[in-house]
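S.K.: show me the folded form of this:
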Amino acid sequence: MEDNIITEIRKIKDKLASEYDYDVRKILNDVIKRQRESGNRIVNLRKERLANQSMKRMH
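M.R.: Modelled structure (predicted):
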């Protein structure tokens, strides 16, 4: 059974990725550029770093 929402998301993801030659660094650089231009945080790695630190402490 095909999920129309998932299919649409995959199409959008593929279109966006193809605009950057499927290069994660290019995608991230564009996100950072747009973040600077907008003045808003689009990517917040602080929470991810804190979560990783917490996980390391637990082990």
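
S.K.: near E37, how many other residues are there?
M.R.: Applying other Cβ atoms under 10 Å, we find 8 residues neighbouring E37. All C-beta atoms are positioned from the backbone trio N, CA, C, and that covers glycine.

S.K.: what helix or strand is it located in?
M.R.: According to DSSP states H and E, E37 maps onto helix 24-38.

S.K.: ok, now Q53?
M.R.: Q53 belongs to helix 45-58, assigned by DSSP H and E.

S.K.: return the set of buried residues in stretch 30-49.
M.R.: Using 16 or more other Cβ atoms under 10 Å as the burial criterion, none of the residues of stretch 30-49 qualify.

S.K.: CA atoms only: put it into PDB for me.
M.R.: Output for stretch 30-49, consisting of C-alpha atoms alone and laid out as PDB, is shown next (Å, rounded to 0.1, in the frame of the first residue of the first chain):
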ATOM      1  CA  ASP A  30      22.900  26.800   2.200                       C
ATOM      2  CA  VAL A  31      21.000  26.300   5.400                       C
ATOM      3  CA  ILE A  32      23.600  28.200   7.300                       C
ATOM      4  CA  LYS A  33      23.600  31.000   4.800                       C
ATOM      5  CA  ARG A  34      19.800  31.300   5.000                       C
ATOM      6  CA  GLN A  35      20.000  31.200   8.700                       C
ATOM      7  CA  ARG A  36      22.400  34.200   8.800                       C
ATOM      8  CA  GLU A  37      20.300  36.100   6.300                       C
ATOM      9  CA  SER A  38      17.100  35.600   8.200                       C
ATOM     10  CA  GLY A  39      18.500  36.200  11.700                       C
ATOM     11  CA  ASN A  40      16.600  33.100  12.900                       C
ATOM     12  CA  ARG A  41      18.000  29.800  14.100                       C
ATOM     13  CA  ILE A  42      17.200  27.100  11.500                       C
ATOM     14  CA  VAL A  43      19.600  24.600  12.800                       C
ATOM     15  CA  ASN A  44      20.300  24.300  16.500                       C
ATOM     16  CA  LEU A  45      23.000  21.700  17.200                       C
ATOM     17  CA  ARG A  46      23.300  22.700  20.900                       C
ATOM     18  CA  LYS A  47      20.400  20.400  21.900                       C
ATOM     19  CA  GLU A  48      21.900  17.600  19.900                       C
ATOM     20  CA  ARG A  49      25.300  18.000  21.600                       C
END
